[in-house]
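>>> Sequence first, then the predicted structure:
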Amino acid sequence: MSKHGRILVAMSGGIDSSLAAVLLHEQGYEVIGMTMKTWDYASSGGSKKETGCCSLDSINDARTVAVELGFPHYILDIRNEFGDYVIDHFTGEYLEGRTPNPCVLCNTHIKWDALLRRADRLECEFIATGHYANVRQENERFIVSKGIDTWKDQSYVLWGVSQESLARTQLPLGHLRKTEIREMAKERGFMDLVNKSESYEICFVPDNDYRGFLKRRMPELESQVMGGNYIMQDGTKVGTHEGYPFYTIGQRKGLGIALGYPVFVTEIRKETNEVVLGRDKDLERDGMVVSKLNLQKYARIEAPLETVTKVRYKHDGSPATIIQEADDRIQVLFHEPVSAIAPGQAAVFYEGDDVVGGGWISKSFRQ
């Protein structure tokens, strides 16, 4: 009988999830490893060699750790549900002129649900992942907070995990730094993991070319949207573009236009197939509306709350007052203007290190 009970660990084959499983095993848990196959690289049509969490090498790396430590390892094929939900949402958001965040969607709506369903079948009380974040219970609420490694902190991508799921979630790396994880792997002889390069691309866009992915996914798209106008803030036409789905708010490179000074995409107009360009200052916004909420620290924001709000994963966060206007809508008022707020991205509200909650940016505005 194990010391702490049975736990199902999501193992991508990388160093972080592998060490999460190793540490839990050493703590006395009865570990079961599971690698989720979310995407078939052959069907992406990209040019890059298969790498990352869904590759055969990664599956074998995860299994090697399990075999060496003597715990079971399974492969869970969730390609159908992943494709139907995450990839359809990804393409649909670009067609709406928004910028999607598929990794957040996958974490909160696919991986956690898939893990918990399989955990129930395997009679596991808990699930665990290799995310650099922490989770705790306070005042009958389960709260995600930042990991101590500020560079690796992944609390942003966990804002959408439900209370029911967090109640059964363990994040063993939240109190550790990446340098410590590497040393632990070396000490235990897992040199293949130490030397393994990390992948930062979207798993189903391995060549990091989302334009190419959209064109391969929807061959008819290019002919339908090509030839729209670039316009300036005052409506002046300055050129033509490849089609509004192929651009994102804040984009500067790859515009294929030279005006003698730097310009950025400041707005995408789906209805007229127009991409609005402007200078850096034209990207600034005073606030935004966030919908499709998931609150963690509080069941509801009863009064205006001072937070630090992140508008994308690598954003440092900006001081803001948030006001919950309805069950599924929060207005965010920034203390100072914030640049390049992209509808479709996730906004996450922090109180200190704690995730208050988050949602999807529906629009931004100037006051």
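That came through, no problem. Residues are numbered from 1 along each chain as shown.

>>> and the longest helix along the chain, what does it pack onto?
Counting by DSSP state H, the longest helix found in the chain is helix 56-69. Using 3 or more CB pairs under 8 Å, 6 or more residues apart in numbering; DSSP states H and E, the elements in contact with helix 56-69 are helix 15-26, strand 30-37, strand 73-77, helix 191-194. Every C-beta, even on glycine, is put in place using the N, C-alpha and C of the backbone.

>>> angle of the longest one against strand 73-77?
Interaxial angle of helix 15-26 relative to strand 73-77 (axes from the mean of the first three to the mean of the last three CA atoms, to 10 degrees): 140 degrees.

>>> what does helix 15-26 contact?
Around helix 15-26, the neighbours that count as contacts under CB atoms under 8 Å, 6 or more residues apart in numbering are 7, 9-11, 31, 33, 61-62, 65-66, 69, 71, 128-132, 170-173, 181-182, 184-185, 188, 190, 193-194, 196, 198.

>>> Just the buried ones from those, in PyMOL syntax?
If you want just the buried ones from the contacts of helix 15-26 in PyMOL, going by 16 or more other CB atoms under 10 Å, the selection is:
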select buried, resi 7+9+10+11+31+33+61+62+65+66+69+71+128+129+130+131+132+170+171+172+173+181+182+184+185+188+190+193+196
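
>>> How much space separates Gly83 from Phe204?
Plainly put, Gly83 is 8 Å away from Phe204 if you go by CB to CB, to the nearest Å.

>>> Which one's more surrounded, these two?
Between Gly83 and Phe204, counted using other CB atoms under 10 Å, the more crowded position is Phe204 (25 against 16).

>>> Run through the helices of the stretch 151-300 of the chain in chain order.
Assignment of helices within the stretch 151-300 of the chain using DSSP state H, counting those that start in this stretch yields the ranges 163-166, 178-187, 191-194, 210-217, 221-225.

>>> Turn these into TSV, including distance to Val308 and mean pLDDT.
Listed next are the helices of the stretch 151-300 of the chain as TSV, based on distance: least, CB to CB, whole Å; pLDDT from 0 to 100:
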stretch	distance to Val308	mean pLDDT
helix 163-166	21	96
helix 178-187	23	96
helix 191-194	34	90
helix 210-217	29	89
helix 221-225	37	87
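
>>> can I get those in CSV with distance to Lys146?
Formatted as CSV, these follow (distance: least, CB to CB, whole Å):
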stretch, distance to Lys146
helix 163-166, 15
helix 178-187, 14
helix 191-194, 24
helix 210-217, 28
helix 221-225, 39
